[in-house]
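Novice: predicted structure and sequence below. I'll ask about it afterward.
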Amino acid sequence: MTALVYLHNVVKRYVRGRQTMEVLHQLDLEVPAGQFLALMGPSGSGKTTLLNLISGLDRPTSGEVTVAGERIDQLSSSRLAKWRARHVGFVFQFYNLMPMLSAERNIELPLLLTSLPGAQRKRNVAAALELVGLATHAKHKPAELSGGQQQRVAIARALIADPTLLVCDEPTGDLDRASASDILDLLQRLNREQGKTIVMVTHDQKAADYASRILHVDKGQLVAASMQSAV
């Protein structure tokens, strides 16, 4: 498998006052296309920082970050923003939906930045709603949906532009166990049936078990890895 994500000798430091904190230490990582990777680790281990570098939300202090064939650590801010819009779908712990918009309008938002005509946007949104099992909830606003349904809307929004990479930061952290299982089942199906490459940060071993690969981040280093059998 070709590496969709390639990090080499990546260092990330933050300066706070007179202190410099090195969060990631000469880290190397390859994620093949079509893999579902879970990043685990305690709070402060650097796993979310690593996810932010992979998705182009942050830049390394030094080292190489190549994703989808592009050295994103070398892109200008404007080119990086365009790269993210084309290649990355984001799913967060909190759903970040617009409360006054319906599910279908929330999902459509990323397409408003494209040249797609309205009729095609509508068809794409309907297909995304069907994919996440919410075809009958298109007109519902977030307050009319459960937490699990809101996260499904967020996943549909992340998928609507057909991103190369889906990044998920604690996507089940605000859900009860039953709703979390539904979301993880959906992510696993997207990976297995749609071939989506997924990188997910989680502190929950049960969530990580849905991935095909687990890496543990501790004190800025990848310290252990395991291949998972099907859940």
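Specialist: Arrived safely.
Novice: same question for stretch 50-66, mean pLDDT?
Specialist: Averaging the model's pLDDT scores along stretch 50-66 yields 93.
Novice: report the buried residues of that stretch.
Specialist: Residues of stretch 50-66 classed as buried: 50-60, 63, 65-66 (neighbour count, 16 or more other CB atoms under 10 Å). Glycine gets a C-beta too; all of them are placed from N, C-alpha and C.
Novice: next one: stretch 138-151
Specialist: 138, 140-142, 145, 147-151.
Novice: Leu51 contacts Leu39, doesn't it?
Specialist: Yes: between Leu51 and Leu39 there is a contact under CB atoms under 8 Å: 6.6 Å.
Novice: so for those two, which residues contact both of them?
Specialist: 199, 201 (CB atoms under 8 Å, 6 or more residues apart in numbering).
Novice: contacting residues around Glu130?
Specialist: No residues are in contact with Glu130 under the rule CB under 8 Å, 6+ apart.
Novice: just how off-centre is the helix or strand containing it within its chain?
Specialist: According to DSSP states H and E, Glu130 maps onto helix 118-131. Computed by CA atoms, centre = their mean, to the nearest Å, the chain-centroid distance of helix 118-131 equals 21 Å.
Novice: please point out which parts of that helix sit buried.
Specialist: Buried residues in helix 118-131 (16+ other CB under 10 Å): 121, 124-125, 128-129, 131.
Novice: let's have those in TSV, adding distance to Phe90.
Specialist: As requested, the buried residues of helix 118-131 are exported to TSV (distance: CB to CB, whole Å):
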residue	distance to Phe90
Arg121	19
Asn124	18
Val125	18
Ala128	15
Leu129	18
Leu131	17
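Novice: just the closest of those residues to Gly17, please.
Specialist: Nearest to Gly17 among the buried residues of helix 118-131 is Ala128, at 45.0 Å by CB to CB.
Novice: the closest one touches Ala156, doesn't it?
Specialist: Yes: under the criterion of CB under 8 Å, Ala128 makes contact with Ala156 at 4.1 Å.
Novice: identify the bridge partners of the closest residue to Glu30 other than its chain neighbours.
Specialist: Nearest non-adjacent residue to Glu30, counting by CB to CB, 6 or more residues apart in numbering: Ala3, 4.3 Å away. With beta bridges defined as DSSP bridges, Ala3 has these partners: Pro32.
Novice: ok, Asp162 - how many residues close by?
Specialist: Neighbours of Asp162 under the rule other CB atoms under 10 Å: 12.
Novice: can you check the pLDDT for it?
Specialist: 85.
Novice: Thr164 - nearest residue in space that isn't next to it in sequence?
Specialist: His87 (4.3 Å).
Novice: if we can go back for a sec, which of the buried residues of stretch 50-66 fall in strands?
Specialist: Under the assignment DSSP state E, the buried residues of stretch 50-66 contribute 63, 65-66 to strands.
Novice: could you find the closest non-adjacent residue to the one residue sitting closest to the centre of the chain?
Specialist: The chain has Val167 as the residue nearest its centroid, 1.2 Å off, counting by CA atoms, centre = their mean. Leaving aside its sequence neighbours, Val167 sits nearest to Ser55 (CB to CB, 6+ apart; 4.5 Å).
Novice: what do you get for Arg213?
Specialist: Leaving aside its sequence neighbours, Arg213 sits nearest to Leu37 (CB to CB, 6+ apart; 5.0 Å).
Novice: which residues of the chain fall in helices?
Specialist: 47-54, 77-87, 103-108, 118-131, 147-159, 177-194, 205-208 (DSSP state H).
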